[in-house]
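*Asks:* Here is my input; please provide its structure:
(2 chains)
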Amino acid sequence: MKLALFRLQLLVIFLPLVGWSQSRTMLKHQISVSYDDTLLNHPLLFSKGLNTRYHRTLIQKKLHSLSALSSFGFVSTPNIDNRLIIGLGAEYSLYFLKRLSLASGLQSNYVLTILDYDIFEYNADGNLEKKGNLIHKFSPSMHLTLLADILRRDKINLALFLETRLTRLNESYKRKFLEGYVPTISIGLKSKF
Amino acid sequence: MLLFTLFVLSACEKAVIIPSDLSNNPLLTITDIEVDKIFKSHKAGLNTVGVSIGIFKDGQTYFYGYGETAKGNGVIPNPNTYFEIGSITKVYTAIAIVKMLEGEGKSIETPIKSYLPADLPTLNRNGVELTFKHLLTHTSGLPYMPNNLPLSFYTNAANGWREYDNQKLYSSLKNARLAFTPFTDFAYSNTAFGTLGVILERKYGKDYGEIIEELVLQPLNLQNTSAYFEKTNTTNWSKGYNTSGKENDYWKTLNALDGAGVLKSNTNDMLLFARSNINIPNNSLTDALLIAQIINTNIVRDSEYARTVNCLGWFSYQNKGVPNKTFLFHNGGTGGFNSDLLINKDKQSALVILFNTDGNTDSRQLLLRDLLMLISQ
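*Replies:* Purely as a prediction, here's the structure:
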């Protein structure tokens, strides 16, 4: 039993080193697609969505890499609204095991909310005035991604990933910057080439 | 999706709790014997540690306790044992709101905007602005719960409520999207009744519990109903359990959502409240009590066991197993308690059932059905 535990410890210690020692070809481009569940308009029901990202690797040093990214996604809540989210940002990733890597990123997004109905607001004369069904805003987001390589070739790499993301899709009553973030859980596929 | 799966798995995990054989039913009258027979026929599936039953029928009041106030303590729930009554609070909130509007010479058709902070957006969909009627009848389209509950709510709701202050509710209202044009559909909303509670606080400049005490509880002489745990007889409380039988923390406050479910009471006081709704007292609450009982929508909700239509706070309720009888109804659930309050105005009878274990089972529905038949005879 003790020997088995010792071997397991050795494995845990040396696996990253095995990864480290491998030469990794710099794959400059990455494209990912994910299916998203977001707790947006309801605390217990998820709004569905899709998200695509393009990454351009800027720096890669052994197990570490830094990339710039752009993204396009949407979140849909039936009968209420659809939100289009376009973002720019950066992501740092680290291979911590041979086929497993962790990535974290920050983004700045433009969010266009298309409501399924028109909103009205009181004007200076005290009458309700139609304001249309579009809302524009900018919002930050951050994500943490766990990736598992399922295919590795010299010129292409395919990985499955699970991601959790916080996006400031809501407003805070007193404009507190740390409020209004909604959680998203994503599952997706990323290709590096 | 992962969270949802975990949620479903935890919801499916249901331990069967069978109340102990302890009871204070004296088995002296026909009603006593009938209640005992009904209780025993459904006991195995009730999934509760204890239950307190109150009946008002033919001018007589009956109380029955079965099981225990806490697992293994050997204490039978009595008419003065405190329980959380959860969403039955909404009936008291509705009466207080009607009373407030009556004092201002306004109707329930009044928009709520001027009662909330001026910098909140006008809550509307397609230009139909939210009024008190929409909030009181669950036809506002506001969500079941606010969309910005703290993370702690999901691990221990009692802690989550403590964090959820009025500012957070305002944030929720600032982002609120109405699910439908008001008064065209039904969506049960704690957010709506929480907002009504906050409106009361803003109007009177006091805490929700104090306002309910002044506007509703004192005029009806309900001395054992309160929003404050500390104001109750803390030595005569039942413990509360979740559906798996794990003891849950009391929901001492619901903070910004007090108006949706903070009240604590006992069978004795609940029956007194029911009787005030049967024989409306001639006092400051006469009109408010009457108005709250009027059916206000034509949206009928059909479920497996019942059909309901909205009054104000109250539901007009028809149990499918008790044909041609209509009751005023509300039920409630908190982390550790479950409650039912039903009034048959025609028969001048009422039923209160307070469970100290959350959840709803088929057996509880059948117990309710059989007791409703009993009080409707």
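
*Asks:* Tell me which stretches of the stretch 51-200 of chain B form helices.
*Replies:* Secondary structure of the stretch 51-200 of chain B (DSSP state H, counting those that start in this stretch): helices at B:89-103, B:132-136, B:152-155, B:157-163, B:166-175, B:190-204.

*Asks:* List the buried residues in the shortest one.
*Replies:* Translated: helix B:152-155. B:Phe153 (16 or more other C-beta atoms under 10 Å in any protein chain shown). Placement of C-beta: from N, CA and C, glycine included.

*Asks:* Not counting sequence-adjacent ones, nearest residue to the residue nearest to the spatial centre of chain B?
*Replies:* Closest residue to the average C-alpha location of chain B: B:Ile88 at 1.8 Å, with C-alpha atoms, centre = their mean. Among residues not flanking B:Ile88 along the chain, B:Gly332 sits closest, at 4.3 Å (C-beta to C-beta, 6 or more residues apart in numbering or on different chains).

*Asks:* Same check on B:Phe329?
*Replies:* B:Tyr317 (3.5 Å).

*Asks:* what bits of the chain have low per-residue confidence?
*Replies:* You didn't say which chain, so I picked chain A. A:1-25 (pLDDT under 70).

*Asks:* wrong chain, I was asking about chain B
*Replies:* Using pLDDT under 70, the flagged stretches of chain B are B:1-15.

*Asks:* Name the residue most distant from the centre of chain A?
*Replies:* Most peripheral residue of chain A (C-alpha atoms, centre = their mean): A:Asp125, 44.4 Å.

*Asks:* contacting residues around that one?
*Replies:* For A:Asp125, the contact set (C-beta atoms under 8 Å, 6 or more residues apart in numbering or on different chains) is empty.

*Asks:* Next, B:Val75: phi, psi?
*Replies:* phi -100, psi 120 (degrees, to the nearest 10).

*Asks:* List the contacts of B:Met373.
*Replies:* B:Met373 neighbours (C-beta under 8 Å, 6+ apart): B:321-322.

*Asks:* mind checking how far it is from A:Ser47?
*Replies:* The gap separating B:Met373 from A:Ser47 is 44 Å, by C-beta to C-beta, to the nearest Å.

*Asks:* And what about B:Tyr317, helix, strand or coil?
*Replies:* Secondary structure state of B:Tyr317, per DSSP: H, G, I helix; E, B strand; the rest coil, is strand.

*Asks:* who's it bridged to?
*Replies:* B:Tyr317 has these beta-bridge partners by DSSP bridges: B:Thr308, B:Phe327.

*Asks:* wait, doesn't it sit right on B:Tyr305?
*Replies:* No: counting by C-beta atoms under 8 Å, B:Tyr317 does not reach B:Tyr305; the two are 9.9 Å apart.

*Asks:* of these two, who's got more company?
*Replies:* The neighbour count for B:Tyr317 versus B:Tyr305, taken as other C-beta atoms under 10 Å in any protein chain shown, is higher for B:Tyr317 (24 against 16).

*Asks:* how close does the more buried one get to chain A?
*Replies:* 25 Å (C-beta to the nearest C-beta, to the nearest Å).

*Asks:* Pull the contacting residues for B:Phe337.
*Replies:* Here B:Phe337 is in contact with B:83-86, B:238, B:240, B:354-358 (criterion: C-beta under 8 Å, 6+ apart).

*Asks:* Check the gap between the nearest residue to it once chain neighbours are set aside and chain A for me.
*Replies:* Using C-beta to C-beta, 6+ apart and skipping residues adjacent in sequence, the residue nearest B:Phe337 is B:Glu84, 4.2 Å away. Separation of B:Glu84 from chain A (C-beta to the nearest C-beta) stands at 21 Å.

*Asks:* B:Glu84 bridge partners, please.
*Replies:* Here B:Glu84, judged by DSSP bridges, has bridge partners B:Lys264.

*Asks:* What count of nearby residues applies to it?
*Replies:* B:Glu84: 31 neighbours (other C-beta under 10 Å).

*Asks:* repeat for A:Ala90
*Replies:* Count around A:Ala90 with other C-beta under 10 Å applied: 15.

*Asks:* And for B:Ile294?
*Replies:* 11.

*Asks:* Tell me the secondary structure of it, please.
*Replies:* Per three-state DSSP, the local secondary structure of B:Ile294 is coil.

*Asks:* which residues does residue 70 contact?
*Replies:* Just going to use chain A. Per C-beta under 8 Å, 6+ apart, neighbours of A:Ser70: A:53-54, A:86-89.

*Asks:* not quite, I wanted chain B
*Replies:* With C-beta under 8 Å, 6+ apart, B:Ala70 has these contacts: B:49, B:238-239, B:247, B:356.

*Asks:* Same check on B:Glu68?
*Replies:* B:19-20, B:22, B:49-50, B:74-77.

*Asks:* hey, where'd the helices end up in the stretch 251-377 of chain B?
*Replies:* B:258-261, B:267-278, B:286-292, B:362-375.

*Asks:* Please enumerate the strands of chain A.
*Replies:* For chain A, the strands defined by DSSP state E occupy A:29-38, A:47-61, A:64-77, A:81-95, A:100-122, A:128-152, A:157-168, A:181-192.

*Asks:* Just send those strands back as CSV, with distance to B:Gly103 too.
*Replies:* CSV is the format used below for those (distance: least, C-beta to C-beta, whole Å):
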stretch, distance to B:Gly103
strand A:29-38, 43
strand A:47-61, 41
strand A:64-77, 39
strand A:81-95, 38
strand A:100-122, 25
strand A:128-152, 27
strand A:157-168, 41
strand A:181-192, 40
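
*Asks:* which residue is nearest the middle of chain A?
*Replies:* Note: chain A centre (C-alpha atoms, centre = their mean) maps to A:His143, 4.7 Å.

*Asks:* Mind listing the residues bridging to that one?
*Replies:* A:Gly105, A:Arg165.

*Asks:* So it versus B:Asn47, what's the distance?
*Replies:* Counting by C-beta to C-beta, the gap from A:His143 to B:Asn47 is 41 Å.

*Asks:* need the contact list for the closest residue to chain A within the stretch 201-350 of chain B.
*Replies:* Of all residues in the stretch 201-350 of chain B, B:Ala256 sits closest to chain A, at 11.4 Å by C-beta to the nearest C-beta. B:Ala256 makes contacts with B:146, B:164-166, B:168-169, B:194, B:197-198, as judged by C-beta under 8 Å, 6+ apart.

*Asks:* check contacts around A:Gln107.
*Replies:* Contacts of A:Gln107 (C-beta under 8 Å, 6+ apart): A:69, A:71, A:87-89, A:140-143.
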